[in-house]
Structure formats: structure tokens, C-alpha cells
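# Compute the structure for the input listed below.
(chains A and B)
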Amino acid sequence: MSGTPPAPVAARPSPGPIPVVLAVPPAVPGVPPPTRGAGRRRIRPAHSFGTHVRAALLFLVLSVLVSGFAYPLFVTEVAQVIDPGAANGSLLHYPNGTVAGSSLIAQNTSAPYLFWARPSLTDYNTTLGAATPPGPTDPALGALLNETLSYMRAYGNFTVNASLPFWWVAPSGSSVDPDLTPEAVLVQIPRVSEATNLSIAYLTAFVNDHIQEPVIPFVGVPYVDVLSLDLDLLPLIGR
Amino acid sequence: MGGAFELQSLGDVILLLALALAAAPWFGAYLGRVYMDRPLPGDLVLTRIESGIYRLLGTSPRRSMPAGEYMLALLLVNGGMLAFLFFFFFDQSALPLNPTSVPNMSWDLAFHSASSFTTNTDYTHFTNESQISFGAIIIAWQLALFLSAATGLAVMAAMIRGFVRKDGTLGNFYVDMVRTILRVLLPISIVGALILVLLGVPETYTATVIAHPITGGSQTIYLGPVASFQSMSLLGTNGGGWYSANMASPLANPSAVSNLFAVFIMLLIPFSAPFAFAQIIRRKGEAWPFVGTVLIVLVVALGLFIAFQAATNPGIATVANLGAQTNGYPVGQETRFSLPEASLFQVVSVYGNVGANNMAIGSVTPVAQMVLLFGMFTQSTPGGEGTGFGMLLLFAVLAIFVGGLMVGRTPEYLGKKIETSHLKWAALALLIHPATILIPFVLSVAGGFVDLNGANLPTTAHNFTSVLYEFTSESANNGSALSTGAFNDTTPFFNLVGAAVMLIGRFVPIWAMLKVGDLFARQEALPPNSGTLRTSSGTFTVYLTLFLIITSALLFLPVLAMGPLAQIVGGM
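All right, here's what the predicted structure looks like:
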């Protein structure tokens, strides 16, 4: 760029007034030399419009091949080798090999001889996705909790006014939370004991065996996987 | 509050944030090298692949584009993707990989979904399990997971280059995309997906398994390549879920460990962005004000979220015989996470504009909902992939200009003078956000598309919050949803207006970021003088944080008062 004109060399030795100075404004610190039009100058584009259309289309085709095919195929092939159990959905089977469910998806187990999972707003129907429980200030929330409480009390052989664990009564985020807090399992033991004729002491030990403590200390909370617990209970009660 | 929640697990929350912060300078430097075409590990193989791709596309890293042309290439790629997604969803029943016989989407739902995924929003107006085919997820949606994330990072790279260039060009869009995918997204998401598999997430060709519950009947278990989808969705701050319960679904997020790992993947790139910036402009210290601002806002938000989820909900005071509340408010929460861990995921996800949920956020307490809304108002703490940091840079430009006026100095940033033209574009990016939230909001209420009248004030306020949350999430390209059933958002009105909000909320700020980068790229850098504001200082960090909080609060306080705040007052 040629913003400033060349300095007048001839004027240099002359001590007299220099008219050229008027053309060049004195330098002010912090203010750049005027670069008229620099902010608006046109820069030659890198490509023609046609090249852009072609490049964009080809780029999309390549991306689909990578993201839609190469990537999931590669990860699935490796996953099936490194951890086939988890990669295939952590399925749980009956002794005859039939799929009972997944240890990661809760089911409706509300028979008196089984431990019950948390209530589900979709009735454990995974096709419906997940349902959001009523908001914190919604009057429907109190009604829903009261309804769950009275169901659990009526069919759960609890004494009147027995206080039930909040984590058992409250609807979950996924609608299929497979886990219960140890407290919510232990509170069900009297009912299961009555329905199965297994002693309370025996069932307490059985449940305590199934409490999963955090793998890494303090990461997560102790919990019980309800479907695994119930499947392990079946042979004990001859079903 | 002894026993109110598992206090110990605050420790792993702090440890995780520290880990992500420790990885950030290293990974940020790597990112910076990716965008400055410096030597990198893997060059031996990848440079050959890259030059092959460039030849095929007919471009070259030497062909650097001015802002307008960069935007043209961006719009062509994103427009092509939008069209591909739209036609795939609109015709998914006849297209490959539809083992569950999912019907086609209606045209308005297909347009909303396509816009949502293209704009990195991933706000869904459908139930994944019954309304989108496996092929549509794997072939169409997953394309958007990659490309929308890469687009955000490319824009960030182009904008930052403006600070170090004088020739008025910002780089080559295709080169930025190819390098982002090959050097950043693909390797990390592959490793991330495999780690998720080891932590229990499915990755299989089997679409569904029919299970036979003990009590009779049957249950469909939806499987598929979940881990690869979820890994890229989190890494790219997309936030789309394979399951409609998203990361609350035990199959997508099986344990507290996978939950923390997911937080790490979500934070990796947003935390690294300031360091990539520092690497490109070759001034290490300039990363810290941004890191500091993001951390301050994030930690305060997390603290508030945990505190108000640990508190009891006065809304259910009348429910008798409910046991004491331990480990936080359990409605809409999953058993396997401790309160701090669940909150960490949710706050990071919304503040990072990922938008994945590991809880039903429509059920969280009003203050916690307000905390989430605030993260979407700032859009930049840390905000979405690339664009979040771009927004933070625009906030910095505004803050420096305002600060310069207050102390009577020429506002300049990194030697480049900030003029009214820069300010116009920065202000546009800032103001388009409330505009695309409040105008559609008023439209939907005034037009009778949503009924705010509930039985009492908390209900009305909650419905109000739900509608506000929907447009805020769409405008911020966040994608989280309250989904409370307060109104039906699957109508053509909400599909079309929502799509428009997402597209404007995405591409107008991107254009503003490129324009600001363009203006800087045409300026000569001035040497620092005594009047230069030291932008790497702690003072500037505090100033930027306050500027960001106050600006965002001023823009949105009135609506907060009518929604969540009214809910709190009415619910007391």
C-alpha cells in the first residue's frame, strides 16, 4: 500500500519554511496513519460460485459416508469385541435363556412377592419414551404423590401412616429408573416376606448382598438394581 | 444441611472440573495448532488424506476466503445439510434402516427437526422411540452432530484469525471443516464412544429386543449404536439423545461414572477454546479472563442449583407420610446419581449449550429452572461449540468499548482498535437473542397458540416458564426442554416459528462473528502503549464477568419476574 507520499529529499538541508509539511499532518501517538478505503477494500474471492456449490455437495457426501457409515460401523465392531455384554444392552435372562429384560430398564414388578421399582408415568412402556413429572408448583404433583402413596400402602401391607421413602414414591426422570435406594428396598421386605414365607432376616441379608456400592469411592450413591434382585429372588421362592 | 445430600460427592464434582481445566491448556494449544496449520501428531497419515480431500473438493489451504465468501461456503454446506435432513425425515418410512416401521414426519415437524439438528440445537418435538427411524438417526441426524459442531469451531477459528491477519481473509471454510472433523471430532468421539461402551452403553446392530417381564406382558428394549451417537452428541455440544429421556435414560447414561465422563466430554472443547485463542494470537495470558469468567458463572450457577435442589419443595407440603428428603429433591431424578453429580451434568449441559438432560428439568425447583434459563441467556459461559467462545469474544469487545468510554481511553483489543462498526455487529449478535425469544413468545400468547390460564398463579407462572424456556432454548441453540405438557408444542405454529427462531439464532450471530473477525482482519495492529487496557489481568476478568452478568440480567429480568420468580412467590 502507498498511503504516504515519499519525503521531499531536496528540502532536507534547507533551514527555511517547508510548504510540504502542510500536506503531511503531524503524527499523533495512538492514531494510525489514514488508510483511506482500506476498511472497504475488496479482496479477491478464493473460488467461483460454481466451485463452491460443487465443493459443498462433495463435502456433504463425504461427511455422510464418514458420520453415517464408517464411524458407527467401526465403533460397533470394536465395541462388540471389548464389551459384548454392555454393547448388547446389559440383558438379563431366565434360566431357560429367554430375555427377561435389561438391568438398565425398570419393569412393572408390582406383584406382592417381588420388589417394586419406582413408579413410571409411562407404565414402563419404552415406546412412549419418557414423561416429565408435574412441575414443582403444579397442584397435580401433590395429587400424583398422594395417589402413589395410597396405592403403595394399600397393596404393600404397610401400617397406616407408615412413612415411605421419597426416592421410592417419586417418579423418575427417565420413567424407567432401574434402581432403588437401599432404604426403598428394605422398606418392602415385610410385604415380600409375607408373600413368600421367607424370613425378614433372610431377606434383609439377601437385599444387603445386592446393594451396589460406588465403584470409585464417593462417585455415585449406593443403590439396588431391582430387576436383578427380583430375578435372583425367583429361584428362592420356586417360581 | 447435614444429610441433605451426599456432601462427599461434591469432592468428585470439584475434581472433575479441575481435570477438565487441567486438560484445557494442553488441548487448547492442540486446537490452536489445528487451525494455524502447524505440525501435529498424526500428520504422516492425515495430511495425505486431507490433501486428497482438498483436491477432490477443488480447494486448497492456500485459498483463504474473505468473510462474505466464508459465510457463503458455510451456508451452502449447512443449507445442503438442512435439505438432506428435511427430505430424509419427511420420507423416512421408505428410506433404509427402518426396522420399527416408523411413519414419515409431517412436513412441519420434519422442517423443525432438520433446523434443530443443523443449528446444533437438537430440540426435539417428537418421541425418539416411535417417531424417528434408526436410519434417520444414524445417517441424517448423526451427520448434523458432526457438521454443526465443526461449523461452530470453524467460525471460531475464522473469527480469531481476524486478530492476527492483515490481509482481510479469514481462512478456508472447507479446510477448517475437514481438519476439525479429522483432527478433533472423529478421534475424540471414537475414544469417547468406546469408553461409554465400557461403562455400559449399548453399541450394536440390533435395533430392538423384546423382553418378557416376570409379571407377564412384553417390553421393547430399544438398542442400536447408542454409544457412538451419544459420544458425538456430547462432544459436539449438540445434546441430542438416542432415547427421548436423553442422558437420564439408564441405557445412555448407566452410572455415576458415565455421568461424570459425559461432563468431561462436554467441557473439553468449550474449556479449551480460550486456550486455542491464546495459542493463535500468541499471547498465553489472554486465555485466563475468559476461563475465569466462564468458571465464575458456572460455579455460582452450580452452587445455586445444588442448594435449591437440596431444599424442600413447599409445593408438596400437604403430602403426608412422605419420608425425609435425602440426596436432594427426587422428583424427576435418577437414583444412581448423587445430587451434586446430577446437578453438575445438568448445569454444564445447559450452560455449555449442549442441552442434554440427565433429569426431567421440568420437575426441578423454580430457582433451579431460573439458573438454567440464565445460562441460555448468556449463551457464552461456556456456550456452544465454537460459537459460545465467539459470543464471549463479542462480549469482550463490547465490554472493552464501554470500559474505554468510562475511563476515557481509546478502546482497543490486542492492538486492534474497536470502532462503531465492530460494535454494531457485536450488539446485533447480543440483541437478536432477546428478540428471537420475546417476539415469538408474545406472538404465541397473543395469537392464542398457548393458554396461560391455569387454576392458580403457580400453574400460570409455570406454563409461562415453559413457553419462555422453549423459545430461549431454541434461540440459544441449546435444545433442553421443560416438556411439562403445559402446552402442545408439536403444532405447525410451534414447529415453524421454532425453526425460524433456531435458524436466526444460529446464523445471524455467526455472521456477526465473521464480520467482526473481518473488520479486525483489515486492521493493522498497533503497538501497545501506556493507554492500553491490560486484558489479561484479574481486574479485566472481574469486569468482563460483571459486564456479562449485568447485560444478560438487564435484557431478561422482566420475563424472569413473570415466570420463575412468580412461581417462587406463588408457591410459597
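# Spell out for me which residue occupies the centre of chain A.
Of all residues in chain A, the one closest to the mean position by Cα atoms, centre = their mean is residue A:174, 10.3 Å from it.
# Phi, psi for that one please.
phi -90, psi -10 (degrees, to the nearest 10).
# how far away is the closest residue to it other than its chain neighbours from residue A:177?
Closest residue in space to residue A:174, ignoring its immediate chain neighbours: residue B:245 at 3.9 Å, by Cβ to Cβ, 6 or more residues apart in numbering or on different chains. Using the backbone N, CA and C atoms, a C-beta is placed for each residue, glycine as well. Distance of residue B:245 to residue A:177, computed by Cβ to Cβ, to the nearest Å: 10 Å.
# what's the answer for residue B:533, then?
Distance from residue B:533 to residue A:177, by Cβ to Cβ: 52 Å.
# who's more crowded, the two?
Neighbour tally, residue B:533 and residue A:177, criterion other Cβ atoms under 10 Å in any protein chain shown: the higher count belongs to residue A:177, 29 against 19.
# Now chain B against chain A: closest residue?
Going by Cβ to the nearest Cβ, chain A is nearest to residue B:256 of chain B, at 2.7 Å.
# rewinding a little: mind listing what the residue nearest to the centre of chain A touches?
A:130, B:243, B:245, B:248-250, B:334 (Cβ atoms under 8 Å, 6 or more residues apart in numbering or on different chains).
# Please identify which two of these are farthest apart in space.
B:243 and B:334 (12.7 Å; Cβ to Cβ).
# okay, these two: which has more neighbours?
Taking neighbours as other Cβ under 10 Å, residue B:243 and residue B:334 compare with residue B:334 leading, 27 against 24.
# Mind telling me what element that one is part of?
Here residue B:334 sits in a region with no helix or strand, counting by DSSP states H and E.
# So what's the predicted local confidence for it?
Model confidence at residue B:334, given as pLDDT, is 96.
# quick one: low-confidence ranges for chain A?
A:1-41, A:157-161 (pLDDT under 70).
# got the contact list for the residue of it at minimum distance from chain B?
The nearest approach of chain A to chain B comes at residue A:220, 2.7 Å away (Cβ to the nearest Cβ). Residue A:220 makes contact with A:214, B:9, B:255-257, B:259, B:336-338, B:341 under the criterion Cβ under 8 Å, 6+ apart.
# Same question for residue B:515.
Residue B:515 neighbours (Cβ under 8 Å, 6+ apart): B:67, B:425.
# before we move on, the earlier item: which one among the contacts of residue A:174 gets closest to residue B:451?
residue A:130 (24.1 Å).
# Give me the neighbour count for the closest one.
Neighbours of residue A:130 using other Cβ under 10 Å come to 29.
# isn't it right up against residue A:122?
Yes: between residue A:130 and residue A:122 a contact is recorded at 6.8 Å, counting by Cβ atoms under 8 Å.
# what's the overlap in contacts for those two?
A:175-176.
# where's the dip in pLDDT among the contacts of residue A:174?
Out of the contacts of residue A:174, that is residue A:130, at 90.
# tell me the contacts of the closest residue to it other than its chain neighbours?
Spatial nearest neighbour of residue A:130, excluding adjacent residues (Cβ to Cβ, 6+ apart): residue B:245 at 3.6 Å. Contacts for residue B:245 were tallied using Cβ under 8 Å, 6+ apart; they are A:129-130, A:173-176, B:252, B:357.
# same deal with residue A:101?
A:91-92, A:107, A:227, B:211-213, B:219, B:221 are the contacts of residue A:101 under Cβ under 8 Å, 6+ apart.
# next one: residue B:267
B:17, B:20, B:348, B:352, B:382.
# go on, residue B:467?
Counting by Cβ under 8 Å, 6+ apart, the residues that residue B:467 touches are B:441, B:444-445, B:450, B:452, B:486-487.
# Kindly list the main-chain dihedrals of the closest residue to residue B:469 other than its chain neighbours?
By the measure of Cβ to Cβ, 6+ apart, the closest residue to residue B:469 outside its immediate chain neighbours is residue B:482, 4.8 Å from it. Phi and psi for residue B:482, reported as degrees, to the nearest 10, are phi -70, psi -30.
# CA atoms of stretch B:74-84 as PDB?
Taking C-alpha atoms only, stretch B:74-84 is exported to PDB below (Å, rounded to 0.1, in the frame of the first residue of the first chain):
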ATOM      1  CA  LEU B  74     -20.900 -22.200   5.400                       C
ATOM      2  CA  LEU B  75     -24.400 -21.500   4.200                       C
ATOM      3  CA  LEU B  76     -24.100 -23.900   1.200                       C
ATOM      4  CA  VAL B  77     -22.900 -26.700   3.400                       C
ATOM      5  CA  ASN B  78     -25.400 -26.000   6.200                       C
ATOM      6  CA  GLY B  79     -28.200 -25.400   3.700                       C
ATOM      7  CA  GLY B  80     -27.400 -28.600   1.900                       C
ATOM      8  CA  MET B  81     -27.400 -30.500   5.200                       C
ATOM      9  CA  LEU B  82     -30.800 -28.900   6.200                       C
ATOM     10  CA  ALA B  83     -32.300 -30.000   2.900                       C
ATOM     11  CA  PHE B  84     -30.900 -33.500   3.200                       C
END
